[in-house]
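>>> sequence first, predicted coordinates after that:
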Amino acid sequence: MNSPAAHIDSEDISTNLSANPEFQTVVDRAVSRRGFLRSGTGLTAAMFLGLGGGLAGCATSASHSSGKPLMGFKAIPISTSDSLQIAPGYTASVLAPWGTALIDGAPNFKGDGSEDAAVQALQVGDNHDGIHFFALDGKNHEGLLVMNHEYCTVDEKTGAYVWLFGSKGGDVRKTWSKDNVHKSMNAHGVSVIHIQKNAKGQWDLVKGSAYHRRITAFSAMEMTGPAAGDALLQTKGDPSGRRAQGTFNNCGNGFTPWGTYLTCEENFNNYFGTSGAEDRRNAAQKRYGLSAKGSTFQWEKHEARFDYAKEPNESNRFGWIVEIDPFNPGSIAQKRTALGRFKHENAAFALSKDGRAVVYMGDDQVNDYIYKFVSDGKYTKGGDNSQLLDKGKLYVARFDAGKAVGDFAGTGQWLLLDKQANPKLQADSSFGNQAAVLVHARMAGDVVGATKMDRPEWVSVHPKTGEVYVTLTNNTSRTVADEANPRAKNVYGQIVRWREAGGDAAATTFEWDIFVLAGNPTVHTAPKDLRAGSANITADNTFNSPDGLAFDADGRLWIQTDGKYSNQGDYAGQGNNQMLCADPVTKEIRRFFVGPKEAEVTGITFTPDHKTMFINIQHPGEEGDSHWPGGGNSIPRSATVVITKDDGGVIGT
């Protein structure tokens with residue numbers, strides 16, 4: 001989920017060489033048959049809710065339970081300032097920036113990035129991302145804030161960290177010492193932070209809390225599920241294949257109804273490399289994007305397990321969803337192999353009609369896939385659900401155009417990734433067992449014919465209808481328009497949604513539509529130019545690269561962006577990255593919040609009463625032009641932002 005602004009992301013380079021159809025090809029079939037064209041300010045087709053499509057029957061009222069409009073705030077304009085901008089009547093304050101003292105004995109952040117690896121292990125990590133608030137005893141004023149620390153910003157042109165070692169950290173000669181690599185490893189992972197409101201109504205860390213915890217690239221992990229112990233997970237350091245070390249590049253997140261946190265390992269490929277001149281990668285390592293030579297972060301220079309020539313299976317132990325019990329500081333995090341290995345963006349949880357756990361997941365790479373896990377067992381409220389995510393069925397999505405002409409809807413199928421039950425996988429000798437299918441889930445998706453998507457990012461499930469929404473952030477690698485790709489170089493992205501058959505999350509078929517086609521109508525003004533976006537994109541809410549995505553309890557859809565902030569060319573009039581709010585029924589979209597310079601807006605969670613929202617600001621100043629949140633000449637720091645309504649009301653009203 002790293003921003004594409006400072007460098008070319010590995011997510012923007014396709015590793016999928018299969019002949020599987022691209023989603024844009026499916027869209028094009030709808031285009032050619034149904035007139036998917038923008039005319040003036042209206043989109044004449046492919047907008048299904050309210051236009052006679054198959055999804056219209058599941059629409060909810062545009063009002064929440066009070067009878068008032070779903071969105072009650074006034075939209076705000078774009079911003080290019082190095083500050084937070086928020087809708088009138090709301091306040092945004094900063095909490096727990098990178099380097100905040102967390103564990104007992106941790107010193108306060110010095111302000112110059114000079115802390116060593118040991119100190120970083122006691123402080124809040126870098127580049128905040130996915131986040132969730134776990135209320136203590138149902139309280140709205142106290143709980144555990146659990147958040148991911150995705151990565152440390154590196155300038156790929158110079159090979160140096162940008163801010164981890166302060167404003168002088170750009171000196172590549174000083175970047176790759178063993179202690180500095182270890183500091184980077186300790187800046188990754190997860191923080192569990194015990195917070196509560198003080199007498200002034202402001203949120204503070206609870207000093208000395210036993211709940212405070214850092215989970216880093218050094219922390220002990222347990223491999224669980226069907227692949228645990230398999231030869232593909234065995235290494236010199238762990239011949240059992242069951243005890244992994246660490247988690248990193250933790251992007252989006254999820255949570256379960258039994259009170260655990262799901263952290264998602266995304267761009268793990270950037271941490272594995274080798275010093276040899278020869279390309280020693282096998283087919284799977286290439287498919288998962290490992291570098292032929294040195295890695296982006298160059299951990300392999302000081303930690304041999306990241307040298308894939310020395311430890312070819314170590315990378316197989318990353319790219320998983322990791323389950324963490326935040327209420328048990330002594331517990332060991334579990335890597336749930338039944339959910340498949342790929343570049344996980346987030347994990348959206350749902351329950352099937354018969355009570356089974358369902359987890360929706362996107363693989364954040366251009367031309368990769370969307371997945372779903374359905375547990376064998378059923379969720380037991382108040383019972384032991386600790387192994388529920390270890391047994392079940394993993395599916396990958398195929399999106400089809402559908403047969404009916406003029407219905408403004410497509411159909412889809414969930415394809416089972418099971419070595420014995422899927423004839424295509426059963427016949428493929430490259431998958432020796434189910435463990436191989438899970439470890440190489442991308443390649444299994446290639447075999448069964450999944451649909452290539454434009455970088456699937458966050459997935460979110462509507463709390464009332466069960467509709468599932470996913471952000472497809474962009475696909476800038478597409479440079480030529482053709483019959484199958486009406487938007488050459490998809491720089492803006494889109495949000496796609498689907499409804500499972502029978503409204504059951506465990507169903508194997510679904511209907512889909514495009515909720516919004518992001519674009520810029522102020523730049524692309526021709527009547528039939530799809531780069532202008534769909535009809536619900538206007539000069540007042542234009543944005544690019546939707547990324548973070550979450551519903552609140554009333555059904556408001558919150559959209560966060562991680563895209564280009566140049567405010568020029570294709571992106572003129574779009575400003576800094578932002579957070580918008582949408583009504584799923586009317587499709588109206590309003591800008592609610594804008595972040596500081598060169599930052600991504602990401603992660604979202606609420607207190608139970610929805611009167612406090614927590615979001616994260618990641619990589620401010622990734623190109624050197626920010627001093628947020630400290631101002632002056634301070635180095636920028638990722639941080640959590642606490643949003644409240646001045647009248648004490650529900651966020652979004």
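Sure, I can see it.
>>> ok, residues contacting stretch 561-573?
The set of residues external to stretch 561-573 that reach it, using CB atoms under 8 Å, 6 or more residues apart in numbering, is 1, 3-5, 78, 80, 473-474, 491-493, 520, 522-523, 531, 539, 542-548, 574-580, 597-598, 600-602, 618. Every residue, glycine included, has its C-beta placed from N, CA and C.
>>> contact partners for Pro620?
Taking CB under 8 Å, 6+ apart as the criterion, Pro620 is in contact with 82, 595-599, 626, 628-629, 636-638.
>>> do you know the pLDDT at it?
As summarised for this prediction, Pro620 has a pLDDT of 98.
>>> equivalent analysis for the one 5 residues further on, please.
According to the per-residue confidence, Asp625 scores 96 in pLDDT.
>>> is it in a helix, a strand, or coil?
coil (DSSP: H, G, I helix; E, B strand; the rest coil).
>>> please name the nearest non-neighbouring residue to Gly254.
Counting by CB to CB, 6 or more residues apart in numbering, Ala347 is the residue found nearest to Gly254 once chain neighbours are left out, at 3.1 Å.
>>> before we move on, the earlier item: list buried residues within the contacts of stretch 561-573.
When burial is judged by neighbour count using 16 or more other CB atoms under 10 Å, the buried members of these are 1, 3-5, 78, 473-474, 491-493, 520, 523, 531, 542-548, 574-580, 597-598, 600-602, 618.
>>> in strands only, show me these.
Per DSSP state E, strands hold the following members of the buried ones among the contacts of stretch 561-573: 546-548, 578-580, 600-602, 618.
>>> return the residues in contact with the nearest residue in space to Ala277 that is not next to it in sequence.
Counting by CB to CB, 6+ apart, Lys293 is the residue found nearest to Ala277 once chain neighbours are left out, at 7.4 Å. Each residue near Lys293 by CB under 8 Å, 6+ apart is listed here: 273-277, 279.
>>> now do Ala599
For Ala599, the contacting residues are 576-577, 617-622, 626, 628, 636, by CB under 8 Å, 6+ apart.
>>> pLDDT score for it?
Per-residue confidence at Ala599 stands at 98 (pLDDT).
>>> and the helices in the chain?
If DSSP state H is used as the criterion, the helices of the chain fall at 23-34, 117-120, 178-187, 283-287, 423-426, 434-439, 441-448.
>>> any chance of TSV for those, columns distance to Leu557?
Output for the helices of the chain, formatted as TSV (distance: least, CB to CB, whole Å):
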stretch	distance to Leu557
helix 23-34	20
helix 117-120	36
helix 178-187	32
helix 283-287	33
helix 423-426	36
helix 434-439	31
helix 441-448	27
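>>> what is the nearest of the contacts of Ala599 to Tyr261?
When those are compared for distance to Tyr261, the smallest value, 18.1 Å, is given by Gln618; criterion: CB to CB.
>>> measure the residue lying closest to that closest one once chain neighbours are set aside to Asp9 for me?
Computed as CB to CB, 6+ apart, the closest residue to Gln618 that is not its neighbour in sequence is Glu600, at 4.4 Å. Using CB to CB, to the nearest Å, Glu600 is found at 12 Å from Asp9.
>>> now do Gln574
Between Gln574 and Asp9 the distance is 19 Å, computed by CB to CB.
>>> over to Gly502?
Taken as CB to CB, the spacing of Gly502 relative to Asp9 amounts to 38 Å.
>>> isn't Ala228 up against Arg242?
Yes: A contact is recorded between Ala228 and Arg242 when judged using CB atoms under 8 Å, the distance being 5.2 Å.
>>> now do the shared contacts for those two.
Shared between the contact lists of Ala228 and Arg242 (criterion: CB under 8 Å, 6+ apart) are residues Glu222.
>>> these two: which is more packed in?
Neighbours of Ala228 and Arg242, each counted by other CB atoms under 10 Å, are more numerous for Ala228; the result is 22 against 16.
>>> need the contact list for that one.
For Ala228, the set of contacting residues under the criterion of CB under 8 Å, 6+ apart consists of 222, 241-242, 337.
>>> same question, Ala436
Ala436 is in contact with 230, 232, 419, 430, counting by CB under 8 Å, 6+ apart.
>>> what's around the spatially closest residue to the first one that is not a sequence neighbour, how many residues?
Yep, that's Asp230 we're talking about. Leaving aside its sequence neighbours, Asp230 sits nearest to Ala435 (CB to CB, 6+ apart; 3.7 Å). Counted with other CB under 10 Å, the neighbours of Ala435 add up to 22.
>>> what about Ala435, distance to Gly340?
The separation that Ala435 has from Gly340, given CB to CB, amounts to 11 Å.
>>> next: Leu415.
Taken as CB to CB, the span from Leu415 to Gly340 is 13 Å.
>>> so which of those two has more stuff around it?
The residue with the greater number of neighbours, taking Leu415 and Gly340 and applying other CB under 10 Å, is Gly340; the counts read 31 against 25.
>>> need the buried ones from the contacts of Ala436 selected in ChimeraX.
Per 16+ other CB under 10 Å, the buried members of the contacts of Ala436 correspond to this ChimeraX selection:
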select :230,232,419
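>>> which one of the contacts of Ala436 is nearest Gly111?
Leu232 (44.9 Å).
>>> can you tell me the closest non-neighbouring residue to the closest one?
With CB to CB, 6+ apart as the measure, Val439 is the residue that lies nearest to Leu232, at 4.8 Å, once sequence neighbours are left out.
>>> can you pull out the strands in the stretch 51-200 of the chain?
In the stretch 51-200 of the chain, the segments counted as strands under DSSP state E, counting those that start in this stretch are 85-86, 90-95, 128-135, 142-149, 154-155, 160-161, 189-197.
>>> what strands flank the fourth one, and is each parallel or antiparallel?
Partner strands and pairing direction for strand 142-149 (DSSP bridges) are strand 128-135 (antiparallel), strand 189-197 (antiparallel).
>>> hang on, the residue nearest to Gln618 packs against Asp547?
Yes: Glu600 is in contact with Asp547 according to CB under 8 Å; the separation is 7.1 Å.
>>> give the contact list for the residue nearest to Gln618.
The neighbours of Glu600, taking CB under 8 Å, 6+ apart as the test, are 1, 3, 547, 560-562, 577, 617-619.
>>> ok, so of these, who is nearest Asp112?
The nearest member of the contacts of Glu600 to Asp112, counting by CB to CB, is His619 at 18.5 Å.
>>> next, the closest residue in space to that closest one that isn't next to it in sequence: phi, psi?
What sits nearest to His619 in space, not counting adjacent residues and going by CB to CB, 6+ apart, is Thr153, at 5.1 Å. Dihedral pair for Thr153: phi -60, psi 130, per degrees, to the nearest 10.
>>> quick one: contacts for Thr153?
Thr153 touches 6, 126-127, 161-164, 619, 622, counting by CB under 8 Å, 6+ apart.
>>> swap in Asn474?
Residues near Asn474 by CB under 8 Å, 6+ apart: 4, 12, 454-455, 490-493, 544-545, 563.
>>> what's near enough to touch Gln387?
Counting by CB under 8 Å, 6+ apart, Gln387 has contacts 224, 377.
>>> next one: it from Ser219, what distance?
Relative to Ser219, Gln387 is positioned 21 Å away (criterion: CB to CB).
>>> ok, now Arg497?
On the measure of CB to CB, Arg497 and Ser219 end up 36 Å apart.
>>> who's more crowded, the two?
For the pair Arg497 and Ser219, the greater number of neighbours falls to Arg497 (24 against 20), based on other CB under 10 Å.
>>> for that one, give me its contacts.
Shown here is Arg497, whose contacts under the criterion CB under 8 Å, 6+ apart are 55, 467-470, 512-515.
>>> just list whatever residues bridge to it.
Beta-bridge partners of Arg497, counted by DSSP bridges, are Tyr469, Asp513.
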